[in-house]
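K.L.:
For reference, the sequence and a predicted model appear below.
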Amino acid sequence: MLRIIGLLTLTTLASSLNCGIQGENGASPIVLPAVTESEVVGEVILGVFPIYNVSATGAVSSPHARYLRVLRYESRYEILSAAPFPEFVQTERSQLLVREVIFTCSDGDKIQYTIQIPILDENTEAPAFNAVEYNVTVTASENGQLIPIDAGIAVYDADVDKSNANLILKSSNARLVPLVYEMANSDAFAYKFDLMVPDEMDVGDYQVILTADDGKYSASAMLKLTVIGEEEAK
C-alpha cells in the first residue's frame, strides 16, 4: 500500500476560475509538506488535490520532472515519487523539488500551477580528503613567525545542506595549528586545510594524522612533515 504524505482538503472555490485545484488560483506556489530525503526511496503519494471540471493535464518540461509522476482522476489529482529522493538531492544539489502543471478546463481554458516539495537533506555523506598521504618539507623559522604549510590538502563533503558539512578539522600534533579556508565548488562543500608550524618545532621528521569530522562521519589522512634547518635548505 502506498504511503500518502500530503493531502490537500481545500474546499473554497475561486469563483473566477472555470476549473482546477479547489481553493487554488495558481497565483502562488502550492507547497506540500516537507519530507526528508530518506523518506522517499520507493513510490510514495506526495500530494492529493481535489479538482473540478478538468479535461486534461500536462507538465512543463523540467529536469525535476523525472522524479515525479501523476495520476488524474475525475475529482482528484495525485503526485507520486518516481525516483529516489536522495538521488534528486545529490544530482540536482537542491532541496526543493518543483513541478509546473497545466490544467485544461472542460471549456478549453487553461490554468497553470507551481507545486513545490521541500526535501530535507540528511547527513549521509562522509568527508573525504583529496589524498591519503601528503609529504611536505619546510624550513625552520628563525624570525619568530609561524610558517604556513601549503601541502595541497583539501577536504570535501558532498552533503547539500551546509549544516551537515560543518567540518571540524584537527591535527594530531598539537603544535601544528590548522588554518582552514572554504573553497568554491559546485559538487560539494570544499575546504583548504593548511597548517601553521611554530618556530620552536625541532628539525626532524614528523608523522601527523589529519582528521575531518562532520558530527556523524569522519575521515583521516597522513601528513609526513620534514622540518629542515636554514643551512640544510641552502
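P.N.:
Thanks, I have it.
K.L.:
Need the residue closest to the centroid of this structure.
P.N.:
Nearest to the geometric centre of the chain sits Val160, at 1.2 Å (CA atoms, centre = their mean).
K.L.:
Domains in the protein, by residue range?
P.N.:
If you go by automatic domain parsing, the domain ranges for the chain are 20-120, 128-233.
K.L.:
Lowest average confidence across these, which one?
P.N.:
Among these, domain 128-233 has the lowest mean pLDDT, at a mean of 88.
K.L.:
quick one: it to chain centroid distance?
P.N.:
25 Å (CA atoms, centre = their mean, to the nearest Å).
K.L.:
Over to stretch 70-77?
P.N.:
Relative to its chain's centre, stretch 70-77 lies at 32 Å (CA atoms, centre = their mean).
K.L.:
Report the buried residues of it.
P.N.:
Judged by neighbour count using 16 or more other CB atoms under 10 Å, the buried positions of stretch 70-77 are Val70, Arg72, Arg76, Tyr77. Heads up, the C-betas are built off the backbone N, CA and C, glycines and all.
K.L.:
Now, these that are in strands?
P.N.:
Val70, Arg72, Arg76, Tyr77 (DSSP state E).
K.L.:
Would you mark the buried spots in stretch 46-54?
P.N.:
Leu46, Gly47, Val48, Phe49, Pro50, Ile51, Tyr52, Val54.
K.L.:
State which helix of the protein is the longest.
P.N.:
Identified as the longest helix of the chain according to DSSP state H is helix 85-92.
K.L.:
which among the buried residues of stretch 46-54 gets closest to Ser218?
P.N.:
Distances from Ser218 to those, taken as CB to CB, are shortest for Leu46 (34.4 Å).
K.L.:
Correct me if wrong: that closest one contacts Phe85.
P.N.:
No - at 9.7 Å, Leu46 does not count as touching Phe85 under the criterion of CB atoms under 8 Å.
K.L.:
can you list residues touching both of these two?
P.N.:
Val35, Val40 (CB atoms under 8 Å, 6 or more residues apart in numbering).
K.L.:
Which neighbours in the sheet does the helix or strand hosting Leu80 have, and how are they oriented?
P.N.:
Using DSSP states H and E, Leu80 sits in strand 76-81. With DSSP bridges as the test, strand 76-81 is paired with strand 45-52 (antiparallel), strand 68-72 (antiparallel).
K.L.:
Of all those strands, which one is nearest Asn135?
P.N.:
Closest among those, once you apply CB to CB, is strand 68-72, at 49.5 Å.
K.L.:
CA atoms only: put that closest one into PDB for me.
P.N.:
Only the C-alpha atoms of strand 68-72 are listed here, as PDB (Å, rounded to 0.1, in the frame of the first residue of the first chain):
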ATOM      1  CA  LEU A  68       7.700  12.600 -10.100                       C
ATOM      2  CA  ARG A  69       4.700  11.000 -11.800                       C
ATOM      3  CA  VAL A  70       1.000  12.000 -11.700                       C
ATOM      4  CA  LEU A  71      -2.400  10.300 -11.700                       C
ATOM      5  CA  ARG A  72      -5.500  12.300 -12.700                       C
END
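K.L.:
quick check: angle from that strand to helix 85-92?
P.N.:
For strand 68-72 against helix 85-92, the angle by axes from the mean of the first three to the mean of the last three CA atoms, to 10 degrees is 120 degrees.
K.L.:
residues in contact with strand 68-72?
P.N.:
Residues from elsewhere that reach strand 68-72 (CB under 8 Å, 6+ apart): 46, 51, 54, 57, 59, 77-82, 97, 99, 101.
K.L.:
What is the neighbour count of Val101?
P.N.:
The tally of other residues near Val101 (other CB atoms under 10 Å) stands at 23.
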